[in-house]
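Enquirer: Sharing a sequence plus its predicted fold:
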There are 2 protein chains.
Amino acid sequence: MASAPAQASVSEPLIGKLAVYGVGLIGGSFALALKAAAGVGKVVGQGRSRANLDLALQAGAIDAVAHDDRDAVADADMVLLAMPVGQMAPVMQRIAPWLGARTVVTDAGSTKRDVVALAREHLHASLTRFVPAHPIAGAEKSGAGAARADLFRERHLILTPVADTDPHALALVRRAWEMAGMRVSSMDPQRHDEVLAAVSHLPHVLSYALVHELAGREDAERLFALAAGGFRDFTRIAGSSPEMWRDICVSNRDLILHELGHYRTELDRLAALLHEGDGPGLERLFDAARAARNRWLQMR
Amino acid sequence: MASAPAQASVSEPLIGKLAVYGVGLIGGSFALALKAAAGVGKVVGQGRSRANLDLALQAGAIDAVAHDDRDAVADADMVLLAMPVGQMAPVMQRIAPWLGARTVVTDAGSTKRDVVALAREHLHASLTRFVPAHPIAGAEKSGAGAARADLFRERHLILTPVADTDPHALALVRRAWEMAGMRVSSMDPQRHDEVLAAVSHLPHVLSYALVHELAGREDAERLFALAAGGFRDFTRIAGSSPEMWRDICVSNRDLILHELGHYRTELDRLAALLHEGDGPGLERLFDAARAARNRWLQMR
């Protein structure tokens, strides 16, 4: 356009074309955030559900639904894999033959050892341009309808690059998530999976377990009728996507079982204090927990 | 005053004088709620902490600090005992000699078998006018500074009267809590303690346990640094008053241990699914939990 200001061609977006596989809460929010920051030219989407892709179109998260995998990724600057980890392998297999020679691939999977292993198995020539990443943000809601441009603001993104990850690809992915508002840090995939097992996977499992156990009782309805705000907050994460958490649990089960073991030992200690009616011991434990949580809240 | 409208003397408040022992979140909010509903004439407070009583005065929850127990309760229409359950016995002992012949006593304790037993032991002639009650409302905050008039709105109050509870006393307490906005129901003390062990006491213990276990590790700070919103909600109740939860746990420990046993059996099931990497089994469990929680949210 003749009337376009001169700087329009100077400030090209960071990513000319982005392809998002799995345009749900995470994929949709990433696209919206980059668009809000003028960090992307065109976004195309691919996914299992046409209804969800239509939602993403309506929300402006994607500009088009790609005709096929070649159309989606051959000329893309970046491909984001944002589906549950259990869908990662077939999608990598499908896109690998069509990935452009400079296309950077990244993911938003909640577990990283498995994704790195799958990339090694399936991405072939594009492996060095694969940047494993995990944006630690989410909600119990899922789907494109829940996506929003500010989902990632001030949240943590963890990169888990491996020895042969291309530094330019790594820098591009880091920059893109920073544009989306995230605080980016790096660690190795094993450490990532250990940390997340402790502070995310275990609490989810514990929350699902409590609701499931109560829901199975004959008097469940009368029990739930008297549950209050504490119960609501404790169980909020039991409203999370069962499919996503199935995949996380299967993938990271060794480390989750390890954490569950620690937790059961703690419950043994607590049960002993209860058996003994040890008021001072219980108060010390509760007080230490509250103090630690308050320190954490101030740190955030 | 000559100019006062005629109906001023007709619409006398439900409670002429209310004495609140323990002017914290619950006691302070009860007073504020009754005042907002024009349900109380004068409110006097008593408590362990002069600073907290001053806060309650500043917030308008109480009109005066009682000089002593006789001054507080001799001419009171209602006395609310709103301190942690562990303080209940000494306060009952102190007030019993001074309670007026028509004074109704009620409490806001989180456990009811123990409070009923203490009343039998300590309230003597006033026992029939003691109405055990539990307003199921709260927050991780405590103290008079956190009190607010709408804390109880649409929340559940459980009355646990016994065979010899005076029906007029029961009706007065019911009416007062209804004025504060609560939905009032009744059950026996044993059933109350069973239900609360399942939907309130157990989740609190589980939440404290998780934070305490993580906080005790060498790498606690790095773990907490990556904890996100799910962790925050799951552990909100670990910010609750250690003293209050010590008393609840000591008082209701048999039923909490019973619930903990159920929960550990559920964790056994979950651990087996994880060991086997049983994706469909995990998804079924998570799905059933999410569905039950969604039904509950719609019921509320």
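Expert: In hand now; what should we look at?
Enquirer: What sits closest to whichever residue of the stretch 51-200 of chain A sits closest to chain B if chain neighbours are left out?
Expert: Proximity of the stretch 51-200 of chain A to chain B (CB to the nearest CB) peaks at A:Val199, 4.2 Å away. All C-beta atoms are positioned from the backbone trio N, CA, C, and that covers glycine. Closest residue to A:Val199 apart from its sequence neighbours, by CB to CB, 6 or more residues apart in numbering or on different chains: B:Ala227 at 4.2 Å.
Enquirer: Surely that neighbour is in contact with A:Ser200?
Expert: Yes: taking contacts as CB atoms under 8 Å, B:Ala227 lies within contact range of A:Ser200: 7.5 Å.
Enquirer: how near is A:His204 to chain B?
Expert: Per CB to the nearest CB, to the nearest Å, A:His204 is found 7 Å from chain B.
Enquirer: how about the residue of the stretch 51-200 of chain A closest to chain B, what does it touch?
Expert: Taking CB atoms under 8 Å, 6 or more residues apart in numbering or on different chains as the contact definition, A:Val199 lies against B:214, B:223-224, B:226-228, B:231.
Enquirer: next structured bit after the worst-scoring helix or strand of chain A on mean pLDDT?
Expert: The helix or strand of chain A with the poorest confidence is helix A:7-10; it has a mean of 50 (mean pLDDT, DSSP states H and E). For helix A:7-10, the following helix or strand on the C-terminal side (DSSP states H and E) is strand A:15-21.
Enquirer: Give me the distance from that following strand to the chain's centre.
Expert: 18 Å (CA atoms, centre = their mean, to the nearest Å).
Enquirer: helices or strands up against whichever helix or strand comes after that strand?
Expert: Using DSSP H and E, the next helix or strand after strand A:15-21 towards the C-terminus is helix A:25-36. For helix A:25-36, the packing partners by 3 or more CB pairs under 8 Å, 6 or more residues apart in numbering or on different chains; DSSP states H and E come out as strand A:15-21, strand A:40-46, helix A:167-179.
Enquirer: Let me have these in a markdown table, adding mean neighbour count as columns.
Expert: A markdown table is the format used below for the helices and strands packed on helix A:25-36 (neighbours: other CB atoms under 10 Å in any protein chain shown):
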| stretch | mean neighbour count |
| --- | --- |
| strand A:15-21 | 24 |
| strand A:40-46 | 23 |
| helix A:167-179 | 19 |
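Enquirer: would you list those in CSV and tack on mean pLDDT?
Expert: Below are those laid out as CSV (pLDDT from 0 to 100):
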stretch, mean pLDDT
strand A:15-21, 98
strand A:40-46, 97
helix A:167-179, 98
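Enquirer: buried residues in stretch A:70-84?
Expert: Neighbour counts over stretch A:70-84 (16 or more other CB atoms under 10 Å in any protein chain shown) mark A:71-74, A:76-84 as buried.
Enquirer: Same question for stretch A:256-271.
Expert: In stretch A:256-271, counting by 16+ other CB under 10 Å, buried: A:256-257, A:259-260, A:262-264, A:266-267, A:270-271.
Enquirer: So which of these reach chain B?
Expert: A:256-257, A:260, A:262-264, A:266-267, A:270-271 (CB under 8 Å from any CB of the partner chain).
Enquirer: before we move on, the earlier item: could you identify the pair within the buried residues of stretch A:256-271 that is furthest apart?
Expert: A:Ile256 and A:Ala271 (21.7 Å; CB to CB).
Enquirer: Quick check, A:Arg129 in contact with A:Asp164.
Expert: No: contact status for A:Arg129 versus A:Asp164: not in contact, 10.2 Å apart, counting by CB under 8 Å.
Enquirer: neighbour count winner among the two?
Expert: The neighbour comparison of A:Arg129 against A:Asp164 (other CB atoms under 10 Å in any protein chain shown) goes to A:Arg129, with 24 against 9.
Enquirer: Which residue ranges make up the domains of chain A?
Expert: A:14-187, A:192-299 (automatic domain parsing).
Enquirer: what helix or strand does the residue nearest to A:Glu213 when sequence neighbours are not counted sit in?
Expert: Spatially, and ignoring its direct neighbours in sequence, A:Glu213 is nearest to B:Glu266 (4.0 Å; CB to CB, 6+ apart). Here B:Glu266 sits within helix B:253-276, counting by DSSP H and E.
Enquirer: mind listing the strands for the stretch 101-250 of chain A?
Expert: Assigned strands in the stretch 101-250 of chain A, in chain order: A:104-107, A:130-131, A:133-136, A:156-159, A:183-186 (criterion: DSSP state E, counting those that start in this stretch).
Enquirer: Identify the residue spatially nearest to A:Arg232, adjacent ones excluded.
Expert: B:Leu297 (7.8 Å).
Enquirer: ok so that neighbour is a strand residue?
Expert: No: using DSSP: H, G, I helix; E, B strand; the rest coil, the assignment for B:Leu297 is helix, not a strand.
Enquirer: Could you give the number of residues near it?
Expert: 13.
Enquirer: that older thread, so which of the strands of the stretch 101-250 of chain A is the most surrounded?
Expert: strand A:130-131 (a mean of 28; mean count of other CB atoms under 10 Å in any protein chain shown).
Enquirer: Quickly run through the sheet partners of that one, with directions.
Expert: Each strand paired with strand A:130-131, and its direction, by DSSP bridges: strand A:104-107 (parallel).
Enquirer: tell me the average confidence for the strand it pairs with?
Expert: Per-residue pLDDT over strand A:104-107 has a mean of 98.
Enquirer: What is the helix or strand where A:Gln93 lies packed up against?
Expert: Per DSSP H and E: A:Gln93 is located in helix A:88-95. Packed against helix A:88-95 by the contact rule (3+ CB pairs under 8 Å, 6+ apart) you find helix A:69-73, strand A:78-81, helix A:113-122.
Enquirer: With mean pLDDT and distance to A:His204 added, can I get these in CSV?
Expert: As requested, the helices and strands packed on helix A:88-95 are arranged in CSV below (pLDDT from 0 to 100; distance: least, CB to CB, whole Å):
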stretch, mean pLDDT, distance to A:His204
helix A:69-73, 97, 31
strand A:78-81, 98, 21
helix A:113-122, 97, 17
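Enquirer: That's all I had, so thanks and see you.
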